[in-house]
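Novice: Please find the sequence and the predicted model below.
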Amino acid sequence: MSKSMVFIVFGMLAACGGKGAVAPEDVEKEAFEDMRAAIVEVVEDPDRQKEILGLAQEHHQELIRLREAVQVRRTELRHLNANYDATREQFHEYVEKYDAEIRVAREWATKSRKAFVQATTQDEWDALTKADSKAMKKMIGVIQGT
Amino acid sequence: MLIAIYTIFFLGGGGTFGPMNFIDEALGNTKAAIVDDDRRKDATASLKTMKARTKQHTKAIKGLSKEFDSSMGEHEFADEGIDATWDKFFDLNSEYTRDIVEIRFELRDQVTREEWELMFAASESSN
């Protein structure tokens, strides 16, 4: 497990604006392709391999959806803040709405992790964890804007 | 492994009320937007407080993500441990949100409508 998989959105927003910056979507796509390759290599059982590949695909799609949703919320926040007449209640409504979305995502994340754990053996899990690819590290770099 | 990335997405800032990345924009606009020296000084101080609070929050989240990152690598890591991390995340977020909204309203009270609109002009036109 990479020690540096952090600051996703912060970095995404920063990285999106830079001239010549690599699109996070492209780096992310590459990282997931590497992950799929690692799954094929590590998980020999065809049924479980198929299941884990499906989980990885689901994970990728959910991450794309999530990034888009966060960008929409960030734009809403910018507009709300820019409105001189915005009330505290409007801010609280915004926060509650966002918080509720995060709680739904939290449930999904926990469920998804559990599915990965159940589908892999200890050895497979360890091997997949070690297969933290260069692309993955690059993705983190882009995300962190470093 | 990428399994963790979804959760770390939030721990990395996707789920925070901030980072209020328009604070720097507003700081850059205060000179042109606020002619009165005293009020400009007050507004600048409020924006710097927002920035400092955001940095403090980011640092706290960094610490949390490190704690989480080491745990997530374990195959047998219990859901309770993950839940505890999420709970800390929500607590930190809640405190940060409360503080930043309060400072935002202090700032609003320090400037006129016209000054505010000039300070956040880019936000109004952004998509």
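Specialist: Arrived safely, thanks for sending. Numbering: from 1, shown residues only, chains lettered A, B, ... in the order given.
Novice: where exactly do the helices run in chain A?
Specialist: With helices called from DSSP state H, chain A shows them at A:8-17, A:24-42, A:46-82, A:88-119, A:122-130, A:134-144.
Novice: I'd like the ones you listed as CSV, with mean pLDDT, distance to B:Ala60 and mean neighbour count appended.
Specialist: For every residue, glycine as well, the C-beta is placed using N, CA and C. Output for those, formatted as CSV (pLDDT from 0 to 100; distance: least, Cβ to Cβ, whole Å; neighbours: other Cβ atoms under 10 Å in any protein chain shown):
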stretch, mean pLDDT, distance to B:Ala60, mean neighbour count
helix A:8-17, 33, 14, 20
helix A:24-42, 84, 24, 18
helix A:46-82, 87, 20, 16
helix A:88-119, 86, 17, 15
helix A:122-130, 85, 26, 16
helix A:134-144, 58, 17, 20
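Novice: B:Phe105 is nearest to which of those?
Specialist: helix A:88-119 (6.7 Å; Cβ to Cβ).
Novice: can you list the helices of chain A in CSV and add distance to chain B?
Specialist: Formatted as CSV, the helices of chain A follow (distance: least, Cβ to the nearest Cβ, whole Å):
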stretch, distance to chain B
helix A:8-17, 4
helix A:24-42, 5
helix A:46-82, 4
helix A:88-119, 4
helix A:122-130, 4
helix A:134-144, 7
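Novice: Out of those helices, flag the one nearest B:Ile61.
Specialist: Per Cβ to Cβ, nearest to B:Ile61 of these: helix A:8-17, 9.2 Å.
Novice: ok so, going back, distance to B:Phe89 for the helices of chain A - can I get that in a markdown table?
Specialist: Formatted as a markdown table, the helices of chain A follow (distance: least, Cβ to Cβ, whole Å):
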| stretch | distance to B:Phe89 |
| --- | --- |
| helix A:8-17 | 13 |
| helix A:24-42 | 22 |
| helix A:46-82 | 15 |
| helix A:88-119 | 9 |
| helix A:122-130 | 22 |
| helix A:134-144 | 18 |
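Novice: With respect to B:Leu92, which of those helices lies nearest?
Specialist: helix A:88-119 (12.4 Å).
Novice: hang on, the earlier thing: B:Ala43: which of the helices of chain A is closest?
Specialist: The closest of these to B:Ala43 is helix A:46-82. By Cβ to Cβ, the value is 14.2 Å.
Novice: got the angle for that closest one vs helix A:24-42?
Specialist: With axes from the mean of the first three to the mean of the last three Cα atoms, to 10 degrees as the basis, helix A:46-82 and helix A:24-42 are set at 160 degrees to each other.
Novice: Now do helix A:46-82: which elements does it pack against?
Specialist: helix A:8-17, helix A:24-42, helix A:88-119, helix B:5-9, helix B:121-125 (3 or more Cβ pairs under 8 Å, 6 or more residues apart in numbering or on different chains; DSSP states H and E).
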